[in-house]
Each structure stands twice: as C-alpha cells, then as structure tokens.
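> how would this look folded up:
(2 chains)
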Amino acid sequence: MDNNTPGTSSFPTISSAGDDPGLEMLQHNDRQTCGTPFLDDPLISCREIEVFYGEQCALHKMSLDIGHREVLAIIGPSGCGKSTFLRCLNRMNDSIEECTVQGEITLDGVNIYDKNVDVVPLRTRVGMVFQKPNPFPKSIYDNIAYGPRIHGLAASRSELDEIVTSSLQNAGLWDEVKDRLTSTAMALSSGQQQRLCIARTLAVEPEVILMDEPCSGLDPIATTKVETLINNLSECYSIILVTHAIEQASRVSQRTAFFHQGFLVEVGPTARIFTTPESRLTENYITARLT
Amino acid sequence: MSLHIFFLMTLLTAIAFQLGRMRAFRIAVRSGGLRKLHSLPRHYGSYTALRFAVPAFILAGLVTLFADDIAMHLVWDNLPEQLRTLPEEQAKLMRQVIIHTSGNQSPPGNNASTIIRAGWQLKQLITIILRLGWTGALLLGTLSAGLFLRKIDCTLPARLAMEKFMRWILAACTGVVIFTTFAILASVAVETVHFFQFVSPLEFFFGHTWSPQMAMHTGQVGASGHFGALPVIGGTLMITLIAMLIAVPTGLFTAIYFSEYASSRRRHVLKPILETLAGIPTVVYGFFAVFTVGPLIGRLGLLFDVETSTESALAAGVVIGIMIIPYISSLSDDAIHAVPKRLREGSRGLGATRSETILQVVLPAAMPGIIGSLLLALSRAAGETMIVVMAAGLAGNFSFNPLKSATTITVQMANLVGGAGTFNTPSTLAAFALGLLLFLFTLTVNIIALHIVRRYHARYQEGM
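Take a look at the predicted model:
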C-alpha cells in the first residue's frame, strides 16, 4: 500500500525507498525505460505522462501501452507511483485537489485528458477495483445494480436481474449469494466483498478493469479465488493489476511493469522480466522479494 | 468554617494516600522487593485515601446539609404547647421567624420573648451539631483508613479494589443522571395529576380556548380560566414545522456543500462563521424577527393583498429556522465527512457523477448522523421561547394560519410560572401539564427517529 499522508487519505507520496536494494544505481541517464513499453495495436497508450501532487512529482515522464485482453501487472516498492499511474487511467486523480497530470493518455485513439471528454462514459469503459473492498451500504443486489441503474443500462426489471445474475456469475460469487441477494453486502466476508466489487464493476460492461492491490487485505484462499477470477476475466477484458505480491504478478499476468520512485524502470513479458530482467533495479527488487 | 473543614479533609486525604503508599513500600522492602506486593504502592495509597475520604466526606456532607433541620426540630419540640399546635400555615411562618431571629449576634436578655430565645437556641444548636458532625466525620475517616492501614500486606488486592471503586463511581454518576431524569419526570407528572383535579383532561386535550387567567377574586371580569391546550399545541407544531421547513433543506445543502464541494480551505474558514450563528443569543434573534422579518412579511402581505398581523407564527418560525441551521449543517457535515472516502471512490469509479454519488451512496451511509442532527434541531425549535414571545405573541389562536399570532408550549409555561409564588392554582399547575406534553412530544419524535436509525443499521451497516 502507498504511504498515505494523514488527512489527505489516498494521496500517494514518494517516500525514500529506505533499504531498497539498488537505489543508488538509479542515475539520471538511467531514466530510460528498459524493455518494450510499446505495442503494435494498443488499447490504451500513455505518452510522456507526468503527475504532480502540488509541487511534488509523483510520476516522472513515462510512456506505456496496454493491449487488448491482456493482464498487465504493475509491481514496485511502496510509494513508487503504481497507484498514481493506475488512477490516471480513469481520471480518478481528478478528485484529488492539487493533482495535475501532464502528457497524453489515449483510449482507442482518444485523449482521455482532453477537456471535452466526460469522465462518466470514460469510467464505464475503464472500471476500477480498489485495495480495500468498498461495497456500498446497500443490499447485494443494489450494489451490483448501482452502475446499470445510473447509466440506464437496463430497460426493465428483468433485464436488470439478468445483469445482476450474470455479473455475479462472472465474478464467481453467484452460488454463494444467490439466496440472499436482498441482504446487506456489509455482512459478506472481505473476500466475498472484493468479488462483489469486481462484479459491480463488470455490471457496467467495461473494457478495461483497473485493480489496485485487490488482494492485499484477503486471506490466501480468497486471494486464490480472486486470482482465478482475474485469469478468467482476462479472456474478455484488459486488466491492469497493481500488486505487492510479485508471485501474484507472475501467476496472473502476461506483461509486467516495474516502477521505482516515480519512474517506469522496466516493462516486458512477465516471463522475461522474472528470468532475465535488463535493469539491475528490477533484478534486485525481484530477487530480494523472491528469496 | 465549612470551607476550612473541607480543606482539612482534603489535606488529610492526601496524608492518608502518603501513609498507605509508604506502608506498602515498607512492607515491600521487608518481604523482598516491590514484586512481592500484590499491587503497586500507589494503589495501596489511593485505597487508603479513599478509605478516609469516602466516609468522612459523606458524613460531613450529610451533617452540613441537615444540621439546620435537625436543630429546628429540637428547638420546635421545646417550644410551649400553644405554639407547637399552631396550624401548618402559621407554624411555617413561625419557623421562618425563628430562623430569622437566629441571626442575632448577642444572647437574648432574661425577659426576651420565647421566639427570640428559640432563635438563639437554634443558632447554638446548629453550631454544636456541625462541630459534632465534622469531628465525627474526621474520626470515622481516620478510623476507617487506620483499620485499612493495619490490614495492608503483600496479598491485599488493592488494585482490584481500586478498579471496583472506579466502576462503582462511574455507575453512581450514571445513576445520578438517570435518577434526576426520573425525578424531574415524576415531579412533573405528580403536578400534572394535581392539575387534572382542577381541569378535566378532556378539556385540556380537546378544548380549543386557551385563556389561563383565573379570577383572583370572585366577580372579577374577563378571567374565566379556559385550559384547552389545542391552540398551544397547534402553535408549537406550526412554528416547529415552519422552522424545520426553512432549516432542513438549507442546513442539509450547506452540509453537503461543505463536505463534498468546498475546498478544505474554504470549509475551514466558512464553517466556524456559520457556527457562530448558534452562539447568538435568542433575544437578538427575537429583535431580528420583530424588526426585519415581521415587517418584511407585512410588506409581502400588502403586495399579495393578504391580511397580516404584526405578530405572526411565520416570522417566529422563519427566524427559529435560521437559528437552527448551524445545528443541522454542522452536525450533518460531520456525519457526511465521516463516510469513508472509499465509498465515494467506488461510486465515482463506476461512472457515477458527484451528485449521484452523494444522493445514493453518501447520504444513506450518513443517515444516522443526519437524523441525529435533525432531532437536535427539532427539539431546539420546539423548545424555543424567546423568539416566539417577541415575534409571535402570547395569545393562542385556534387556527393554523401562520400569518396570525400564535403561542407555543414553552412560552405559555414561562408566562404561567413567571413570578408565581405558589404552585397550587390551576394556572401555574397548567405549566406542568404543558411541560409533560412537550416532553411526550419530544420523546415520541426521539423514539421514532431511533427506530429509523436502528432499521438503517439493521439493513445496511451490519458488519461495518
């Protein structure tokens, strides 16, 4: 989790990496991203984006493409800008005072930071699952139906039922909750709550799902369930997964990006990143984490 | 004198603490270190202090409270037969006279009257009783603390005893609060029953004329004494309703603006300004109602060709509404602010707009707190007296026309009791009946609100 400054809540800050190995290796001329950040047919492409919180630079100039139906894992130490980057992709940073994003992020060729772009349709296309399960204090049914109702996706009650059922089924939660759809979502276990949040996101039929350490508060069994779910979902959705657990990155992702102190250090196919990383920083981080 | 005793006993309490602590230390040293003791020395000290303070202060307090009565009782019993058998009213007066003469500085001469001698006796007796009592209190405390000091050894569980005492004192404080509540309620209820011996409940609850002036002498004109509470109840409900109609939307919207839209700097500057509204004395609001809102309503009335009066329920209601805005806005803002940010992000992340998020996620989650703020505002509005007196008048009209003068329960209570020396005429007793009525009204509203909040919790907040 990012170090949250008290008072400003989810306000990722750049902390010194402390005892992180290889910190001193990062020289000015090392700020080039290693590996292959660009794709032939990207769904999202970020060009030279830079994020500031007030005066503080949270994310230094970086470029990265995200493809169709792939799982991109983002790893890195606390405060490296992972969450900041993720929140740029559906403009969740807009609600943070003093946060400025520069550069260009395009979704299907449209710059999402263009001033004519409405965040409402953008966020239906780019859904988000948060670190802590955040079901609304409503019934399970109303939680799932929330998005479709707001966007008028269902013309009738039966259509809405349909959406709720299929979303819960896709999130692998249907069998556990089908008998108590009208009871409060707050009574579910945290693993179930997190899958409910994923189902809620699926209900508005996004193309991209952003996941900000979705398993950090879950026990191993619940984590396995969510990982299986991510695997299944990747057949239909692009998923960008911020994670602390690099084993998780190796299990579920096709590509991995390594962030460090606000820099995108390296990105490439997960297998290559984990076996033959180009950057010493990446290598140090992965070996330190795995051994 | 009693202040000296108080300081002396406080000092002795401190000494008892030191004695207990030192004794515990000595025992610890003798038996091989502090670890051998069951509790820490300060626990023994505190408990010794308590052993002194509790009986001593209680006895001294009781003596101080009742010395006058006991002395009077003794003096009264020594009075000649014909004085003791006076009727109650005169006896009361006689006792007052005796108390008054007890202020004399010098002893009465041989040929002084019985009363003056009784007064002197009273004075002497009180002094003796107080001295005896205070000495007794000190002795009792010392005895109790001394016995405990002798009992201290390694195994004595002073810590547990202290914990028990803490629990006892907390429970006692709670008990006092509960007792006070019930005592007030009981006294009001008793007087109300008394009132209903003069006026039938049927007239009180269903009568539509309120003119509580009773004839002081037979044959007095224009003071018939009608106690139909409907106009008063109606006035209260109407003014409260007007106030809430003004305050709820304004306060709630202000709260939403503060917590959801205003930048944190603006919130920090503006919120205290709004809260000073709550600090303005209600008399000042009354002026505002009389000199600004009242005439404004009059002018509007001219504009729309509606008959208005200088005193109107509307003016009072509007101004009370303004007065209670900060209660709603400030407390609701706190409740809304306390809704976890992740709920908002979850909703915004699904593509909900700000207002959709507020209406469908934030407000339901903050509902218990918001209802609490509304309740507080409601009881303030229903209980407001001064603004109503100034802006809406004293006369109860049995009409629900907000442009006419109106009166409320609290206004009538102040009106009935103000300046009254005795509480045995129907008009003063009516104040108690009205008070009970207001209490029942607020109680009902509270119970309903509590029920709503519980249901919200049961439905939504479980496991949160």
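> pLDDT (mean, whole number) over whatever helix or strand A:Asn284 lives in?
Using DSSP states H and E, A:Asn284 sits within helix A:280-290. Mean pLDDT, computed over helix A:280-290, is 84.
> for A:Asn134, see how far away B:Val339 is.
Separation of B:Val339 from A:Asn134 (Cβ to Cβ, to the nearest Å): 11 Å. Bear in mind the C-beta positions are built from the backbone N, C-alpha and C, glycine included.
> now stretch B:390-407, how far from the chain's geometric center?
Here stretch B:390-407 shows a centroid-to-chain-centroid distance of 28 Å under the convention Cα atoms, centre = their mean, to the nearest Å.
> span of it from start to end?
10 Å (Cα to Cα, to the nearest Å).
> so what touches it?
By Cβ atoms under 8 Å, 6 or more residues apart in numbering or on different chains, the residues outside stretch B:390-407 that reach it are B:208-210, B:228, B:230-232, B:234-235, B:238-239, B:242, B:283, B:286-287, B:289-290, B:293-294, B:297, B:301, B:306-309, B:311-317, B:319, B:388, B:408, B:411-412, B:415.
> the stretch 151-291 of chain A: helices as residue ranges?
A:157-170, A:174-177, A:190-202, A:220-233, A:246-252, A:270-275, A:280-290 (DSSP state H, counting those that start in this stretch).
> of those, which is nearest A:Asn143?
A:Asn143 sits nearest to helix A:190-202 of all the helices of the stretch 151-291 of chain A, at 5.5 Å, using Cβ to Cβ.
> what comes up buried for the closest one?
A:Gly191, A:Gln192, A:Gln193, A:Gln194, A:Arg195, A:Leu196, A:Cys197, A:Ile198, A:Ala199, A:Arg200, A:Thr201, A:Leu202 (16 or more other Cβ atoms under 10 Å in any protein chain shown).
> go on, stretch B:120-132?
Quick answer for stretch B:120-132 (16+ other Cβ under 10 Å): B:Trp120, B:Gln121, B:Leu122, B:Lys123, B:Leu125, B:Ile126, B:Ile129, B:Leu130.
> just stretch B:345-364 next, same as before
Buried residues in stretch B:345-364 (16+ other Cβ under 10 Å): B:345-352, B:356-358, B:360-364.
> same check, this time on stretch B:230-243
B:230-243.
> give the burial count for the spatially closest residue to A:Pro135 that is not a sequence neighbour, as a bare number.
Nearest residue to A:Pro135 in three dimensions, chain neighbours excluded: A:Ala185, at 3.9 Å (Cβ to Cβ, 6 or more residues apart in numbering or on different chains). For A:Ala185, the count of nearby residues is 27 (other Cβ atoms under 10 Å in any protein chain shown).
> could you do A:Val226 as well?
Neighbour number of A:Val226 under other Cβ under 10 Å is 22.
> for residue 240, report the pLDDT, please.
Using chain A. In this model, A:Ile240 carries a pLDDT of 95.
> I was thinking of chain B, sorry if that wasn't clear
pLDDT at B:Thr240 comes out at 93.
> now it, what's its secondary structure?
Per DSSP: H, G, I helix; E, B strand; the rest coil, the local secondary structure of B:Thr240 is helix.
> circling back: could I get the buried residues of stretch B:120-132 as TSV with pLDDT, secondary structure and distance to chain A?
Shown next, in TSV, are the buried residues of stretch B:120-132 (pLDDT from 0 to 100; DSSP: H, G, I helix; E, B strand; the rest coil; distance: Cβ to the nearest Cβ, whole Å):
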residue	pLDDT	secondary structure	distance to chain A
B:Trp120	85	helix	72
B:Gln121	85	helix	71
B:Leu122	87	helix	67
B:Lys123	87	helix	66
B:Leu125	89	helix	66
B:Ile126	89	helix	62
B:Ile129	92	helix	62
B:Leu130	91	helix	58
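> and the closest residue to B:His337 other than its chain neighbours, what pLDDT?
Spatial nearest neighbour of B:His337, excluding adjacent residues (Cβ to Cβ, 6+ apart): B:Ser259 at 4.7 Å. B:Ser259 is assigned 90 on the pLDDT scale.
> the residue lying closest to B:Met367 once chain neighbours are set aside: neighbouring residues, count only.
Among residues not flanking B:Met367 along the chain, B:Tyr456 sits closest, at 5.4 Å (Cβ to Cβ, 6+ apart). A count of neighbours around B:Tyr456, defined by other Cβ under 10 Å, yields 16.
> my guess is B:Tyr456 contacts B:Pro368. True?
Yes - assessed by Cβ atoms under 8 Å, B:Tyr456 is found in contact with B:Pro368 at 5.9 Å.
> can I get the buried residues of stretch B:120-132 in CSV including distance to B:Ser427?
Shown next, in CSV, are these (distance: Cβ to Cβ, whole Å):
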residue, distance to B:Ser427
B:Trp120, 42
B:Gln121, 41
B:Leu122, 37
B:Lys123, 40
B:Leu125, 41
B:Ile126, 38
B:Ile129, 41
B:Leu130, 41
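> just these now: which is nearest B:Gly45?
For those, the nearest to B:Gly45 is B:Leu130 (30.2 Å; Cβ to Cβ).
> ramachandran coordinates for the residue lying closest to the closest one once chain neighbours are set aside?
Nearest non-adjacent residue to B:Leu130, counting by Cβ to Cβ, 6+ apart: B:Ala67, 5.1 Å away. In terms of degrees, to the nearest 10, the main-chain angles of B:Ala67 are phi -50, psi -40.
> quick revisit: so can I have CSV of the buried residues of helix A:190-202 showing pLDDT?
Converted to CSV, the buried residues of helix A:190-202 look like this (pLDDT from 0 to 100):
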residue, pLDDT
A:Gly191, 89
A:Gln192, 92
A:Gln193, 93
A:Gln194, 92
A:Arg195, 92
A:Leu196, 94
A:Cys197, 94
A:Ile198, 92
A:Ala199, 93
A:Arg200, 94
A:Thr201, 94
A:Leu202, 92
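> just these now: which is nearest A:Ile105?
A:Thr201 (19.5 Å).
> dump the residue contacts of that closest one.
A:Gly127, A:Met128, A:Val129, A:Gly147, A:Ile209, B:Gly349, B:Leu350.
> now do it against A:Val226, distance only.
Taken as Cβ to Cβ, the span from A:Thr201 to A:Val226 is 13 Å.
> residues in contact with the residue in the stretch 151-300 of chain B that chain A sits nearest to?
Nearest to chain A in the stretch 151-300 of chain B, going by Cβ to the nearest Cβ, is B:Ser263, at a distance of 6.3 Å. Contacts were defined as Cβ under 8 Å, 6+ apart; by that measure B:Ser263 touches A:Glu97.
> next one: the nearest residue to A:Tyr285 once chain neighbours are set aside from A:Asp212, what distance?
Computed as Cβ to Cβ, 6+ apart, the closest residue to A:Tyr285 that is not its neighbour in sequence is A:Phe258, at 6.5 Å. Distance of A:Phe258 to A:Asp212, computed by Cβ to Cβ: 17 Å.
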